[in-house]
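Undergrad: got a predicted structure plus its sequence, pasted below:
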Amino acid sequence: MPLASTLLPVALAIVMFGLGLTLTLADFTRVVRFPKAVFVALACQIIVLPLLTFGIVALSGLPPLLAIGMMLIVSAPGGAIANVLSHVFGGDVALNISLTAVNSVTAIFTIPLIVNLSIAYFDPSGGQIGLQFQKTLEVTVMVLGPVALGMLIRRFATRFALAMDKPVRIVSMVILAAVITLTVIGNLAVLAANLGPLLLLALLICVMSLLVGFFVPRLFRVSPPQSLASSLEIGLHNATIALVIGQVVLANPVIAVPAAVYGPVSIVLGLVAAIVFRSVIRRTAGNAAPQAEPAPAPQAEPEPDVTIEA
């Protein structure tokens, strides 16, 4: 699909540029304010989720290229939609933004590691595909270059950055929808033959990601709003990055198909999860033992009316 391959780098540049417009250096340094929440979320994103997904995909019997595509999507960092849902449904937006910022940088190292290990295991073409150093450098430039440009504009033209935030989000969503459509059209035979397993795995992995992202931080006594932010960040992966790596960098459109399925599914499930988790948070807060009201201060007894007769 030449058109999709042309649009994808443009879509990724716009998405990451839009992310950069929302970031400042403080978003990277803010992590020291809540290190436990950040550490737990990153551990879930980088270690727990890929291991669980690998087990599920390996047992599913999915064709090798599609299995690699599933591992690719879970290795991608969270998308901007996570920040929007967190803001609407009472998550810790500051944590979301910081996680997105840190994830976008760490993904430069974790994506090649996870993808190359997946390729080595599933070995679909005798090792003929992979994210070698040159391709990894290409991904780094495509991801971090627009982010850095957006951050520079945010730093030196703040009003313009704030004004452009919404239009850039809209344009990026439109282009992403077009790219997903083109990817699906270009791989109709593969999708038709594997739609059931792909859809089931996308649902399963997305639900698992959202649950892990919420309840694992709660086990470590991370606050409910921060747990909601973590859940959305871990569950709503940046499908654009996965599409670009699969279709443009690895030059294999079939690897991009799981991302095209996962993207729309994750948005719907993320919205449902945000509503459910907000309800859980409110119910938990409502069931908390109310604090005892302070006892009223004792009132002074009126002094007897003493009349002294002359």
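TA: Thanks, I have it.
Undergrad: now residue 160: how far from residue 93?
TA: 22 Å (C-beta to C-beta, to the nearest Å). (C-beta placed from N, C-alpha, C; glycine too.)
Undergrad: neighbour count: those two, which is higher?
TA: Under the criterion of other C-beta atoms under 10 Å, the comparison of residue 160 against residue 93 puts residue 93 first, with 17 against 12.
Undergrad: thought residue 83 was touching the more buried one, still the case?
TA: Yes. With contact defined as C-beta atoms under 8 Å, residue 93 reaches residue 83; the gap is 6.3 Å.
Undergrad: list of residues touching stretch 198-215?
TA: With C-beta atoms under 8 Å, 6 or more residues apart in numbering as the test, stretch 198-215 has contacts from 41, 44, 48-49, 52-53, 56-57, 60, 62, 66, 70, 74, 191, 227-228, 230-235, 237, 257-258, 261-262, 265-266, 269-270, 273, 277.
Undergrad: okay, and which of the residues you listed map to strands?
TA: Among the contacts of stretch 198-215, no member is found in strands (DSSP state E).
Undergrad: just the residues you listed: which are in helices?
TA: Mapping the contacts of stretch 198-215 onto helices (DSSP state H) picks out 41, 49, 52-53, 56-57, 60, 66, 70, 74, 191, 227-228, 230-235, 257-258, 261-262, 265-266, 269-270, 273, 277.
Undergrad: tell me the centre residue of the protein?
TA: residue 78 (2.2 Å; C-alpha atoms, centre = their mean).
Undergrad: mind checking which of the ones in helices among the contacts of stretch 198-215 are buried?
TA: Buried members of the ones in helices among the contacts of stretch 198-215, scored by 16 or more other C-beta atoms under 10 Å, are 41, 49, 52-53, 56-57, 60, 66, 70, 74, 191, 227-228, 230-235, 257-258, 261-262, 265-266, 269-270, 273, 277.
Undergrad: which residues touch residue 174?
TA: Applying C-beta under 8 Å, 6+ apart to residue 174 gives no contacts.
Undergrad: let me know the average pLDDT across the host helix or strand of it.
TA: For residue 174, the host element (DSSP states H and E) is helix 158-186. For helix 158-186, mean pLDDT rounds to 82.
Undergrad: going forward can the numbers begin at 3, since that is how I track them
TA: Taking 3 as the first residue, the last one we looked at is helix 160-188.
Undergrad: just the CA trace of the helix or strand bottoming out on mean pLDDT in the chain, in PDB.
TA: Of all helical and strand segments in the chain, the minimum by mean pLDDT, DSSP states H and E falls on helix 4-23, at a mean of 78. Output in PDB follows, covering the C-alpha atoms of helix 4-23 (Å, rounded to 0.1, in the frame of the first residue of the first chain):
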ATOM      1  CA  PRO A   4       2.100   2.900  -1.200                       C
ATOM      2  CA  LEU A   5      -0.400   5.500  -0.100                       C
ATOM      3  CA  ALA A   6      -0.600   4.100   3.500                       C
ATOM      4  CA  SER A   7       3.200   3.900   3.600                       C
ATOM      5  CA  THR A   8       3.400   7.600   2.500                       C
ATOM      6  CA  LEU A   9       0.700   8.700   5.000                       C
ATOM      7  CA  LEU A  10       2.100   6.800   8.000                       C
ATOM      8  CA  PRO A  11       5.300   8.800   8.600                       C
ATOM      9  CA  VAL A  12       3.200  12.000   8.200                       C
ATOM     10  CA  ALA A  13       0.700  10.700  10.700                       C
ATOM     11  CA  LEU A  14       3.300   9.700  13.200                       C
ATOM     12  CA  ALA A  15       5.100  13.100  12.800                       C
ATOM     13  CA  ILE A  16       1.800  15.000  13.500                       C
ATOM     14  CA  VAL A  17       0.900  12.700  16.400                       C
ATOM     15  CA  MET A  18       4.300  13.100  18.100                       C
ATOM     16  CA  PHE A  19       4.500  16.800  17.300                       C
ATOM     17  CA  GLY A  20       1.100  17.200  19.000                       C
ATOM     18  CA  LEU A  21       2.500  15.300  22.000                       C
ATOM     19  CA  GLY A  22       5.500  17.600  22.100                       C
ATOM     20  CA  LEU A  23       3.200  20.700  22.100                       C
END
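Undergrad: return the set of buried residues in that helix.
TA: For helix 4-23, burial by neighbour count (16+ other C-beta under 10 Å) applies to 6-7, 9-11, 13-23.
Undergrad: same check on stretch 270-290?
TA: Neighbour count says stretch 270-290 has 271, 272, 273, 275, 276, 279, 280, 282, 283 buried, by 16+ other C-beta under 10 Å.
Undergrad: widest-spaced pair of the residues you listed?
TA: 271 and 283 (18.0 Å; C-beta to C-beta).
Undergrad: where does the stretch 103-252 of the chain have low pLDDT?
TA: Along the stretch 103-252 of the chain, the parts satisfying pLDDT under 70 run over 126-133, 135.
Undergrad: kind regards, and thank you for your time.
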